[in-house]
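S.K.: Fold the following and give me the result.
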Amino acid sequence: MSSSRSRFALLPLVFAVLVAACGGAASSASPGVPSATGTASPEPSVAPVALTVGLGYIPSVQFAPFYLAQQEGLYQAAGLTVTFQNKVEPDLVALVGAGSIDIGIADGTDVIPAVSNKIPIKYVATLYGQFPNVVFAKASSGIATAADLKGRKIGTPGRYGSGWIMLQALLKSAGLTTSDVQIVEYPDYTQRIAVTQGVVDAATGYSNNEPVQMQLAGEKTTELHIDGITPLPGPGLISSDATLAAKSDAIAGFIAATLTAMEEIKANPKAGVDASIVAVPELAASRDTQTAILQATIDSWTGPVQVQHGLGAIDTAGWTASIAYLTTLGLVPNPVTVDDLVRTDLLP
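M.R.: Below is the predicted model:
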């Protein structure tokens, strides 16, 4: 993410009817929902539905699809009045569960423990088909696989959250645990600087944040990803059971409009950068950096399931595997199933 405090990242990340392999179900389109080509059916005759949408802590180019959909009138065409709020992710889960925010962003490592602890939320669309948390290092470090982390110093913001879960899964794949490495905590999120200065050998971060910044500064990097080892669902859209019951058509319209904007940005990243600068003018001072961050973000939108079924598709098999893995970490105090966590019927 462009800020380690948010995960769209952020931004962080989001849709054709899914086939049975993805657990999808058909959902009829609401009047005014944008089509795959970006055009909209006639304006709905009913009053617009107000939706409050919680994004990550810091306004960022990672949220370009939301900015673009708002500026192009895609939400309005879907019969919506959308208001954005920026919140830290743990707060987003609680606020969405309580119904204070209609839609938020969270990944599987947030959703599974939350629902297990009786927070009534559902994950309704994938934003990031690839899990954005990575372990990154200088290319010159000699770190090329998880096994190469043995005995190394690894920086991380703390022993919590998706980055910590990802690191444990990565080490486990090489027969290692956190006891086999030296953990150095950076609660101020300065682990990238520590890697750059050689204070630590590697660190946890986001594929569209720290490695991008290092590469822009001329430092070649190595990234270790978790996707092929332990499926962890990436950031996506969440809503509460109560909100879904009351505003299901509106949520479906919001998803469709956002995905239309994602497709537009995927085809023309400049449109996403431009929309982000309109929404967050200070980003104009670092346009090249924002362009690089957005491109890395776009690359994370599509995993194997999204290649097959389109942006937003939900990998239900991956969710099943994630439940099993998080259970081994003691993060699932009460048993949950994929049906408790995910709804696919709101995808267009």
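S.K.: Provide the secondary structure category for V134.
M.R.: With DSSP: H, G, I helix; E, B strand; the rest coil as the basis, V134 sits in strand.
S.K.: wait, isn't it in contact with H225?
M.R.: Yes. V134 is within contact range of H225, at 5.6 Å (criterion: Cβ atoms under 8 Å). (Each C-beta comes from the backbone N, C-alpha and C, glycine too.)
S.K.: neighbour count winner among these two?
M.R.: A count of neighbours by other Cβ atoms under 10 Å puts V134 above the other of V134 and H225, at 29 against 16.
S.K.: partner residues bridging that one?
M.R.: G205 (DSSP bridges).
S.K.: Could you measure from it over to Y128?
M.R.: Distance of V134 to Y128, computed by Cβ to Cβ, to the nearest Å: 12 Å.
S.K.: Give me the secondary structure label for A246.
M.R.: Under the three-state scheme (three-state DSSP), A246 adopts helix.
S.K.: Quick one, grab the pLDDT at it.
M.R.: pLDDT for A246: 97.
S.K.: count of residues packed around it?
M.R.: A246: 13 surrounding residues under other Cβ under 10 Å.
S.K.: do P269 as well
M.R.: By the measure other Cβ under 10 Å, the count of residues near P269 is 19.
S.K.: Remind me which helix or strand the residue lying closest to G303 once chain neighbours are set aside belongs to.
M.R.: Once flanking residues are discounted, G303 sits nearest to G129: 3.1 Å by Cβ to Cβ, 6 or more residues apart in numbering. For G129, there is no enclosing helix or strand under DSSP states H and E.
S.K.: What's the separation between P65 and G312?
M.R.: 11 Å.
S.K.: which residue ranges form the helices in the stretch 201-348 of the chain?
M.R.: If DSSP state H, counting those that start in this stretch is used as the criterion, the helices of the stretch 201-348 of the chain fall at 210-216, 241-267, 269-279, 287-301, 304-309, 316-328, 338-341.
S.K.: Distance to I193 added to the ones you listed, as TSV?
M.R.: Shown next, in TSV, are the helices of the stretch 201-348 of the chain (distance: least, Cβ to Cβ, whole Å):
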stretch	distance to I193
helix 210-216	9
helix 241-267	30
helix 269-279	25
helix 287-301	16
helix 304-309	33
helix 316-328	31
helix 338-341	36
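S.K.: highest average neighbour count across these?
M.R.: Among the helices of the stretch 201-348 of the chain, the stretch with the highest mean neighbour count (mean count of other Cβ atoms under 10 Å) is helix 241-267, at a mean of 22.
S.K.: That one - contacts with which helices or strands?
M.R.: strand 49-55, helix 64-71, helix 74-77, strand 80-86, strand 121-126, strand 236-240, helix 269-279, helix 287-301 (3 or more Cβ pairs under 8 Å, 6 or more residues apart in numbering; DSSP states H and E).
S.K.: Not counting sequence-adjacent ones, nearest residue to S173?
M.R.: In this structure, S173 finds its nearest non-sequential neighbour in I229, 4.4 Å apart by Cβ to Cβ, 6+ apart.
S.K.: okay, now that neighbour: neighbour count?
M.R.: 16.
S.K.: returning to what we had before: find the residues that touch each one of V134 and H225.
M.R.: Contact criterion Cβ atoms under 8 Å, 6 or more residues apart in numbering; residues shared by V134 and H225: S207.
S.K.: how much space is there between the closest residue to L237 other than its chain neighbours and I183?
M.R.: In this structure, L237 finds its nearest non-sequential neighbour in A125, 4.5 Å apart by Cβ to Cβ, 6+ apart. A125 sits 34 Å away from I183 when distances are taken as Cβ to Cβ.
S.K.: Settle it for me: which of these two has more neighbours?
M.R.: Shown here are A125 and I183; by other Cβ under 10 Å, A125 has more neighbours (29 against 16).
S.K.: So that one is in contact with P235, correct?
M.R.: No. Here A125 does not reach P235: they are 10.4 Å apart, not a contact under Cβ under 8 Å.
S.K.: returning to what we had before: quick one: contacts for the residue nearest to L237?
M.R.: A125 sits next to 14-15, 236-237, 255, 258-259, 312, 314, 346-347 when contact means Cβ under 8 Å, 6+ apart.
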